[in-house]
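Engineer: let's see this in three dimensions:
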Amino acid sequence: MAEVVIVGNPEEAGALYGDAAAELIARKPDAVLGLATGSTPLPAYRALAERIAATGLDVSQVRGFALDEYVGLPATHPESYRSVITREVVEPLGLTPELVHVPNGDPATIRTAGEDYEAAIDAAGGVDLQILGIGRTGHLGFNEPGSSFASLTRVKTLTERTRLDNARFFDSLDEVPVHCVTQGLGTILRARHLVLLAFGEGKAEAVAAAVEGPLTASMPGSAVQLHARVTVIVDEAAASQLAYADYYRYAWANKPAWQGV
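Structural biologist: Below you'll find the predicted structure:
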């Protein structure tokens, strides 16, 4: 069973991630962070940035790997995930840009993009701490329902629902790419520690299905049940459909302090 931590608001969740990431970097200066985009991880990145600024933590050697990227969108486009990661993670945290990687969505090299990214992660020694959000359909990264738990980084066709959801970031739906490069569920599961964040009532059904439901490719988020070290941090609204919420609260309240997150 994943460790589930129920907090009062996204800022509390971000603080837990910030503490865990800062402790990791202090212990391992060249730590490898798995990076997600979207609004969910923003409180976590803000909290880590605050800890770096307050303690003078050296992050010059920290490496990073983003979960996904659009195919055919120039890296300089403001909505490419290269731009988003630079704007929301690299610059606020003061990371070394050359050490933060995003899948290559260039159509000219797309046939080997997945293999190349897998090789880069392996060469870095794997991801130490992977931050994740979860979609309403239970998707992790761009691994939509039906994705294999053994899947690796690969090109995927975005669903119309996903394209419609992401159209708010573009001038029109026609500008939203049809394809992406995404880490697979198998890739994600190789990270040494997964931290999954979810906020709001709209995520409650997906959270409950991922944490307490059956293990099924129809619910990609349920893949976290296969991992030895998963921390799921949710607010009260996102926890509202959890059958064992009282136990999660009890377990967290009585967790030995030395175990951390």
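
Engineer: other SSEs contacting whichever strand or helix holds G14?
Structural biologist: In the assignment (DSSP states H and E), G14 maps to helix 10-27. Contact partners of helix 10-27 among helices and strands, from 3 or more CB pairs under 8 Å, 6 or more residues apart in numbering; DSSP states H and E: strand 3-7, helix 42-55, strand 129-132, strand 193-198, strand 230-235. C-betas here are computed from N, CA, C, even on glycine.

Engineer: so what strands line up beside the first one?
Structural biologist: Sheet pairing for strand 3-7, assigned by DSSP bridges, gives strand 230-235 (parallel).

Engineer: what about G221, how many residues nearby?
Structural biologist: 27 (other CB atoms under 10 Å).

Engineer: what pLDDT does it get?
Structural biologist: At G221, the pLDDT value in this model is 97.

Engineer: list the contacts of the residue nearest to it when sequence neighbours are not counted.
Structural biologist: Distances taken as CB to CB, 6 or more residues apart in numbering place A210 nearest to G221, at 3.1 Å, with adjacent residues excluded. A210 makes contacts with 134, 138, 196, 219, 221-222, 224-225, 232, as judged by CB atoms under 8 Å, 6 or more residues apart in numbering.

Engineer: which residue packs closest to P92, ignoring adjacent ones?
Structural biologist: A49 (4.5 Å).

Engineer: returning to what we had before: for D122, which of the helices and strands packed on helix 10-27 is the nearest?
Structural biologist: Between D122 and the helices and strands packed on helix 10-27, the shortest separation by CB to CB is 14.9 Å, and it involves strand 129-132.

Engineer: residues touching that closest one, excluding its own?
Structural biologist: Applying CB under 8 Å, 6+ apart, the external contacts of strand 129-132 come out as 17, 20-21, 24, 31-36, 41, 44, 67, 140-141, 188, 191-197, 224.

Engineer: many thanks, have a good one.
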